[in-house]
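Undergrad: Model the following, please.
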Amino acid sequence: MDKKIVFFDIDGTIYSYDKGMPEDTFYAIQKLKQNGHIPVICTGRTKCMIYPSHMAPGFDYIVAGAGTYVEVAGKEIYYSRLGHSQIEELSDILNRNGFVEIGEGKDYLYLGTGSKELTGELKKIRDVYQKEMGDKIKVFGDKNMEISKVSGFMCPDANVKGAIRDGIKNYQMVNHKNCLLEFIPKGEGKAGGMKRMIQFLEISKENVYAFGDSLNDKEMLEFANVSIVMGNGDNEMKKIADYVTDPFDQGGIYNALKKFRLI
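TA: Got it, this is the predicted structure:
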């Protein structure tokens with residue numbers, strides 16, 4: 001059997017804030033690895049936001065920060081950071097349009113001071129960060145801040161259209177369920193991280209599989225030879241998928257890996 005490399009998004013694909021990682025997903029990823037294939041986390045989260053529970057099935061390969069960081073068996077092979085002027089530009093865009101900054105770095109997450117006032121779903125997301133990451137969270141604007149991308153919590157008065165208009169020249173943006181707006185430097189992306197990894201490993205593109213669920217997985221799914229979207233995924237992503245599996249918490253990963261004879 002040819003060795004396959006299988007890229008997995010995290011949120012909504014192998015994990016959710018409410019339900020964690022399903023047991024059958026955990027088992028399926030372990031079995032995939034035992035069968036000689038390579039499971040890879042491929043996420044918009046930066047490395048510090050990948051929790052030990054995400055890695056637990058045996059992930060040794062990471063594409064993080066929407067392609068701004070690539071790691072192979074503990075070895076960093078690519079790492080892109082924002083310059084000072086980019087950080088200032090993004091902070092200005094977010095503050096001007098009613099957002100709270102989230103600076104996302106390899107080692108630390110930096111939250112704007114306005115995060116103390118968040119309520120509802122945004123407070124829930126912030127509290128999960130704080131619970132899972134602890135001392136890896138610092139204050140946005142820290143003099144030693146090193147980040148690869150920036151997102152913004154949408155406050156009640158957030159001007160989403162304005163932020164997109166202000167950032168469209170230099171950044172790709174992803175609206176996450178009207179809670180978070182993510183800014184990724186143009187030229188970066190999940191597909192770029194995937195390409196760097198398979199070139200490093202000398203794996204053919206025809207052996208690339210990808211699992212995702214949302215709009216920020218689009219280029220990852222398009223890059224893969226075989227694209228699989230979760231049953232709970234975005235309808236637009238289902239249209240471009242080679243296969244739509246069951247929801248992530250109803251055997252989606254396990255059933256799809258079985259279908260493609262990877263486990």
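Undergrad: elements contacting the lowest-mean-pLDDT helix or strand in the chain?
TA: Ranked by mean pLDDT, DSSP states H and E, the weakest helix or strand in the chain is helix 120-133, scoring a mean of 86. If contacts are counted by 3 or more C-beta pairs under 8 Å, 6 or more residues apart in numbering; DSSP states H and E, helix 120-133 sits against strand 109-111, strand 149-154. No exception for glycine: its C-beta is placed from N, CA and C like everyone else's.
Undergrad: Output the ones you listed as JSON lines; include the columns mean pLDDT, distance to Gly12 and mean neighbour count.
TA: Putting those into JSON lines (pLDDT from 0 to 100; distance: least, C-beta to C-beta, whole Å; neighbours: other C-beta atoms under 10 Å) gives the following:
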{"stretch": "strand 109-111", "mean pLDDT": "95", "distance to Gly12": "20", "mean neighbour count": "21"}
{"stretch": "strand 149-154", "mean pLDDT": "94", "distance to Gly12": "16", "mean neighbour count": "26"}
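Undergrad: Please produce a markdown table containing those, extended by distance to Tyr51.
TA: Formatted as a markdown table, those follow (distance: least, C-beta to C-beta, whole Å):
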| stretch | distance to Tyr51 |
| --- | --- |
| strand 109-111 | 12 |
| strand 149-154 | 17 |
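Undergrad: how about these, which one is nearest Lys190?
TA: Of all the helices and strands packed on helix 120-133, strand 149-154 sits nearest to Lys190, with 12.1 Å by C-beta to C-beta.
Undergrad: and the angle from the next helix or strand after the closest one to strand 149-154?
TA: For strand 149-154, the following helix or strand on the C-terminal side (DSSP states H and E) is helix 160-167. Here helix 160-167 points in a direction 160 degrees away from that of strand 149-154 (axes from the mean of the first three to the mean of the last three C-alpha atoms, to 10 degrees).
Undergrad: what is the mean pLDDT for helix 160-167?
TA: Here helix 160-167 scores 95 as its mean pLDDT.
Undergrad: Kindly report the same for stretch 75-86.
TA: 96.
Undergrad: picking up where we left off before, of all the helices and strands packed on helix 120-133, which one is nearest Arg81?
TA: Judged by C-beta to C-beta, the one of these that comes nearest to Arg81 is strand 149-154, at 9.5 Å.
Undergrad: For this protein, give me the ranges with low pLDDT.
TA: Counting by pLDDT under 70, the chain has low-confidence residues at 1.
Undergrad: Going along the chain, name the strands of it.
TA: For the chain, applying DSSP state E gives strands covering 5-8, 38-42, 61-64, 69-72, 75-79, 99-104, 109-111, 137-139, 149-154, 171-176, 180-185, 208-212, 226-229, 243-244.
Undergrad: Now distance to Leu201 too, for these, in a markdown table please.
TA: Output for the strands of the chain, formatted as a markdown table (distance: least, C-beta to C-beta, whole Å):
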| stretch | distance to Leu201 |
| --- | --- |
| strand 5-8 | 7 |
| strand 38-42 | 7 |
| strand 61-64 | 8 |
| strand 69-72 | 7 |
| strand 75-79 | 10 |
| strand 99-104 | 26 |
| strand 109-111 | 29 |
| strand 137-139 | 33 |
| strand 149-154 | 25 |
| strand 171-176 | 26 |
| strand 180-185 | 24 |
| strand 208-212 | 11 |
| strand 226-229 | 17 |
| strand 243-244 | 24 |
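Undergrad: Tell me which of those approaches Asp18 most closely.
TA: Proximity to Asp18, assessed across these by C-beta to C-beta, is greatest for strand 171-176 (15.5 Å).
Undergrad: That closest one packs against which elements?
TA: With contacts defined as 3+ C-beta pairs under 8 Å, 6+ apart, the packing partners of strand 171-176 are helix 160-167, strand 180-185.
Undergrad: Rebuild these as TSV, extending it with mean neighbour count and distance to Tyr110.
TA: Formatted as TSV, these follow (neighbours: other C-beta atoms under 10 Å; distance: least, C-beta to C-beta, whole Å):
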stretch	mean neighbour count	distance to Tyr110
helix 160-167	16	18
strand 180-185	22	14
